[in-house]
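Novice: For reference, the sequence and a predicted model appear below.
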Amino acid sequence: MTIPQDRLRNFSIIAHIDHGKTTLSDRLLELTHTVDARQMTSQMLDSMDLEKEHGITIKARAVRLEYTAADGLVYGLNLIDTPGHVDFSYEVSRSLQACEGAILVVDATQGIEAQTLANVHLALKQNLTIIPVLNKIDLPSAQPDVVIEELESVLAMPREEVLLASAKDGTGVAEILEAIVQRIPPPKGDPDAPVQGLIFDSHYDAYKGVVVYVRLAQGTLRAHDNIRLMGSGAEAELIELGFFKPQQVSMPELRAGDVGYVATGLKSVREAQVGDTVTTVAAPADRPLAGYQPAKALVFAGIYPIVGSEYPNLRDAMEKLHLNDASFSFEPESSVALGFGFRCGFLGLLHMEIVEERLEREFGQELIASAPSVEYQVVLINGQGTIMVDNPSKMPDAGQIEEILEPWVKLGIVTPSTYIGTLMELTKNRRGAFLGMEYLDPKRVLLNFELPLGEVIVDFYDQLKTRTQGYASMDFEEIGYRAANLVKVDVLVAGEPVDALSVIVHRDRAQAIGRELVHRLRGLIPRQMFEIAVQAAIGSNVIARETVAAMRKNVLAKCYGGDITRKRKLLEKQKEGKQRMKRVGSVEIPQEAFLAVLRMDEV
């Protein structure tokens with residue numbers, strides 16, 4: 001059914017993690033009869049097993065709803081469900097660019113969280129119409145009046161615009177649909193102009209090639225048109241186009257304002273990048289759409305196949321995953337300890353964990369990951385310039401370095417006021433600077449800090465949740481580089497440096513971290529027939545050492561009595577053998593040793 005442009009509405013659902021966006025999208029699907037009642041399951045738009053297991057949305061998902069409004073007309077509503085975790089905010093910003101409005105879901109029991117504030121600012125930057133929805137009002141602990149006051153004072157949202165709902169039992173969902181029709185403006189764009197469609201997501205299909213998700217800004221795209229991707233210059237004949245309901249349903253055409261999919265048939269994943277513009281070969285647009293800012297990776301780690309021969313398969317898997325997740329980046333690298341692999345960039349530690357799990361599950365890869373690090377700016381002596389270092393093993397010798405600059409972030413923490421003291425202590429231990437606080441209501445406060453990113457990425461989020469019994473939430477944004485007194489701590493096993501275990505830390509904490517590291521490794525490296533020294537060193541200066549004791553074979557077992565010189569002769573022979581073994585023997589370092597760096601406790 002073709003719906004005229006003035007009856008189309010494109011909107012996203014944005015919220016903090018666990019505030020009920022996916023449940024609300026389930027109710028919208030039910031109420032508009034988009035999905036047959038027999039096929040309806042909970043978390044309908046979370047199609048990945050990982051999303052259901054973790055209880056979070058990882059990928060933004062688009063779906064077309066057809067809704068008969070109170071005025072008797074049928075409206076086409078294009079809904080994009082977005083993730084709520086801080087690591088996936090890039091996914092949210094891309095989705096908002098394909099919309100004219102956003103539903104802001106706030107939990108009536110928890111109020112405004114850090115990610116709520118971040119998402120509202122993203123939506124306001126795009127000039128979207130925001131519909132505030134207070135969810136979970138059916139719960140006994142709900143405080144709708146308190147949260148509405150918060151929305152008024154913190155986000156300047158008029159009280160009369162806030163809708164009350166419970167996505168779980170369906171209360172207020174019909175009012176939300178009416179508000180979408182009434183408040184969100186229809187898309188603009190001339191259906192007769194040359195085609196311009198923004199690619200906001202894509203995936204790879206074995207039969208249809210690269211399938212791109214597009215929001216048509218202008219023009220009309222018809223089945224079997226020849227299309228051109230303006231960024232890469234690739235051309236292809238359309239195999240299929242249509243809407244998501246939420247499965248792909250083919251249609252004869254997509255018109256200006258529509259959100260749908262286009263199966264291009266392209267086999268190379270590099271030819272259809274997110275942010276590119278689709279046009280037709282017959283009547284091309286004169287210029288591409290603005291596209292997106294490229295995602296800036298904040299966390300870097302090496303990912304290597306356990307079996308070296310799997311390297312080409314891992315590269316193919318990463319290319320297909322990059323198509324589906326544009327914020328993940330990778331480039332080849334090699335390590336003495338781990339062989340050939342890839343240096344990968346992620347938006348955060350959860351993003352890194354999710355990418356690893358997806359590579360293992362969806363593509364059957366067995367992986368080893370090195371410790372995560374951030375990207376440092378290293379200024380070399382004698383005006384040799386500045387280099388960017390995202391891998392501790394690539395850090396130049398200390399004699400060549402004039403100064404090292406590390407990235408800093410502005411961190412916002414929303415917490416009950418009872419935990420202010422413990423959070424001050426946590427951020428002080430991480431070299432943080434306190435900027436100020438702002439009370440959202442008598443019991444909840446927004447704390448602002450500046451911290452080095454390297455101190456945030458490893459276990460800061462876990463510590464934050466532990467110290468506040470799960471009540472605090474955080475959001476951060478990059479604020480540039482600052483000079484710091486940093487050193488590289490190398491780990492030597494049996495005198496050989498293991499590049500994958502190197503870490504860059506602040507000089508004040510280097511000794512404590514070195515001690516903790518070698519202590520852990522001593523328990524993880526299997527014993528050999530010879531003694532193994534495990535050392536932490538800064539340059540040539542060893543700052544910590546542990547010894548993995550040798551396994552001892554009792555060579556005197558056959559000597560029952562007899563002369564002492566005979567026993568001594570056997571022991572001397574054993575000693576010589578161990579010396580030789582030490583010279584030629586190699587030490588196998590297990591995967592747990594690399595994970596030990598990840599699980600460094602606070603020292």
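Specialist: Structure received.

Novice: What are the boundaries of the helices in this structure?
Specialist: Remark: helices assigned in the chain by DSSP state H are 21-31, 49-54, 89-96, 114-125, 144-155, 173-183, 311-324, 349-363, 420-429, 453-457, 460-467, 507-524, 564-584, 591-598.

Novice: Report the rounded mean pLDDT for the second one.
Specialist: Right, the one you point to is helix 49-54. Averaged across helix 49-54, pLDDT comes to 48.

Novice: One more: the fifth one?
Specialist: Regarding helix 144-155, the rounded mean pLDDT is 80.

Novice: Packing partners of that helix?
Specialist: strand 101-107, helix 114-125, strand 129-135, strand 433-441 (3 or more CB pairs under 8 Å, 6 or more residues apart in numbering; DSSP states H and E). Backbone N, C-alpha and C define where each C-beta goes, glycine included.

Novice: List the contacts of that helix.
Specialist: If you take CB atoms under 8 Å, 6 or more residues apart in numbering as the criterion, helix 144-155 is touched by 106-108, 111-112, 117, 120, 132, 134, 137, 157-159, 162, 164, 440-441.

Novice: and the angle for it with strand 101-107?
Specialist: Helix 144-155 and strand 101-107 meet at an angle of 130 degrees, taking axes from the mean of the first three to the mean of the last three CA atoms, to 10 degrees as the criterion.

Novice: Alpha carbons only: can I get helix 144-155 in CSV?
Specialist: This file holds the C-alpha atoms of helix 144-155, laid out as CSV (Å, rounded to 0.1, in the frame of the first residue of the first chain):
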residue,chain,number,x,y,z
PRO,A,144,5.9,10.0,38.0
ASP,A,145,5.5,13.4,39.7
VAL,A,146,9.2,13.5,40.8
VAL,A,147,10.5,12.4,37.3
ILE,A,148,8.2,14.9,35.5
GLU,A,149,9.7,17.7,37.6
GLU,A,150,13.2,16.4,36.7
LEU,A,151,12.2,16.5,33.0
GLU,A,152,11.0,20.1,33.4
SER,A,153,13.9,21.4,35.3
VAL,A,154,16.8,19.5,33.7
LEU,A,155,15.6,19.1,30.1
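
Novice: re earlier: flag whichever of the helices of the chain has the least confidence on average.
Specialist: helix 49-54 (a mean of 48).

Novice: looking at this structure, which helix or strand is least sure?
Specialist: For the chain, the helix or strand with the lowest mean confidence is helix 49-54, at a mean of 48 (criterion: mean pLDDT, DSSP states H and E).

Novice: Next, work out how far apart the residue nearest to the spatial centre of the chain and Pro372 are.
Specialist: Central residue of the chain (CA atoms, centre = their mean): His351, 2.6 Å from the mean position. Distance from His351 to Pro372, counting by CB to CB, to the nearest Å: 10 Å.

Novice: any residues in contact with both of these two?
Specialist: Common neighbours of His351 and Pro372 (CB under 8 Å, 6+ apart) are Val299.

Novice: which residues touch the residue nearest to Gly172 when sequence neighbours are not counted?
Specialist: For Gly172, ignoring the flanking residues on the chain, the nearest one in space by CB to CB, 6 or more residues apart in numbering is Ala165 at 3.3 Å. The contact partners of Ala165, by CB under 8 Å, 6+ apart, come to Leu24, Val133, Leu134, Asn135, Ile137, Thr171, Gly172, Val173, Glu175, Ile176.
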